[in-house]
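Q: following is a predicted model, sequence given first.
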Amino acid sequence: MEPKELKDAICELLDEHKAVDITILNVEHLTVMTDYFVVCTAKSNKQVKALAEMLEEKLEEQGEKPNHEDGLRDGKWAVLDYGSVIVHIFNDETRMFYCLEKLWTDGKNVEKYVPKN
């Protein structure tokens, strides 16, 4: 999948499975490691793990496997690296602590996901 297509598929899946505050950071002009960060919040540590596992399963069905994953054991934060898109799933407290939106913003590259009805 192309980066934009992958990012859109990830956001739709996260939204369908009740992730909240889904935010897209376009970082292709800030780093060579990826094009997008998709950041979202889960309502519990259990949901962090469930969302990450669901994404892996659904995207693998479409031929996309993560290059790396981390954080699934603790449930406070999970990261799935799909190359052109890196997904960060946080619980509330951990998202506030790391505040990736502030670290990676240039003032124009942050977008809140709005579901298509």
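A: Nice, I can see it.

Q: show me the helices in the protein, by range?
A: 3-16, 45-61, 92-98, 100-103 (DSSP state H).

Q: how about these in TSV, adding mean neighbour count?
A: Just so you know, the C-beta spots here come from the backbone N, C-alpha and C atoms, and that holds for glycine as well. Formatted as TSV, the helices of the chain follow (neighbours: other C-beta atoms under 10 Å):
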stretch	mean neighbour count
helix 3-16	18
helix 45-61	17
helix 92-98	14
helix 100-103	12
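
Q: nearest to Val39, out of the ones you listed?
A: In terms of C-beta to C-beta, the element of these nearest to Val39 is helix 100-103, at 5.4 Å.

Q: other SSEs contacting that closest one?
A: strand 20-26, strand 36-41 (3 or more C-beta pairs under 8 Å, 6 or more residues apart in numbering; DSSP states H and E).

Q: can you tell me the strand partners of the last one and which way each runs?
A: In this case it means strand 36-41. According to DSSP bridges, strand 36-41 forms sheet pairs with strand 20-26 (antiparallel), strand 85-90 (parallel).

Q: and the helices and strands packed on helix 100-103, which is most packed in?
A: strand 36-41 (a mean of 24; mean count of other C-beta atoms under 10 Å).

Q: now render the helices and strands packed on helix 100-103 as CSV, adding mean pLDDT.
A: CSV is the format used below for those (pLDDT from 0 to 100):
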stretch, mean pLDDT
strand 20-26, 96
strand 36-41, 97
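
Q: got the ones you listed as CSV, with distance to Glu111 columns?
A: Output for the helices and strands packed on helix 100-103, formatted as CSV (distance: least, C-beta to C-beta, whole Å):
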stretch, distance to Glu111
strand 20-26, 5
strand 36-41, 10
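
Q: for the residue sitting nearest the centre point of the chain, name its beta-bridge partners.
A: For the chain, the residue nearest the mean C-alpha position is Val87 (2.6 Å; C-alpha atoms, centre = their mean). Assessed by DSSP bridges, Val87 has beta-bridge partners Val38, Leu80.

Q: show residues contacting the helix or strand of the chain with the lowest mean pLDDT.
A: Least confident helix or strand of the chain, by mean pLDDT, DSSP states H and E, is helix 100-103 with a mean of 87. Identification of contacts with helix 100-103 by C-beta atoms under 8 Å, 6 or more residues apart in numbering yields 23, 25, 37, 39, 88, 110.
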